[in-house]
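Asks: how would this look folded up:
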Amino acid sequence: GGTDPLTGVQLVPRRYVQIAKTFMITCGMYNASGEFAIRAGIPAKSGVSGGILALVPGKLGIGIIGPALGEKGNSTGGVHLLETMSETFDWSIF
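Replies: Residues are numbered from 1 along each chain as shown. Okay, here's the model as predicted:
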């Protein structure tokens, strides 16, 4: 939500956080964004280096590095890990 988890101080305006999460969920995983939203249901942004930044709103952020990329340019291991963790811990926002 843009707040410091230790102090509760708002560091990033809530509107900016809302915009960032919307872009992450709708296009952060390139052409696999829709499938990832269905399977994992958490905002994420991948990079062509194999890195993925994901967040579980109100709980935590996750950074993953997995250089093996799938056909849509996302880390295959990272996507699998996030999907598995989301299912295991019921993280989906949908």
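
Asks: What does the pLDDT read for the nearest residue to S86 once chain neighbours are set aside?
Replies: Spatial nearest neighbour of S86, excluding adjacent residues (C-beta to C-beta, 6 or more residues apart in numbering): A40 at 4.3 Å. C-beta coordinates here come from the backbone N, C-alpha and C atoms, glycine included. At A40, the pLDDT value in this model is 98.

Asks: For whichever strand or helix holds A20, buried residues please.
Replies: Per DSSP states H and E, A20 falls inside helix 14-27. For helix 14-27, burial by neighbour count (16 or more other C-beta atoms under 10 Å) applies to 17, 20-21, 24-25.

Asks: neighbouring contacts of that helix?
Replies: 1-2, 33, 37, 42-45, 55, 57, 93 (C-beta atoms under 8 Å, 6 or more residues apart in numbering).

Asks: all helices for the chain, in order.
Replies: With DSSP state H applied, the chain shows helices at 14-27, 33-39, 76-89, listed in chain order.
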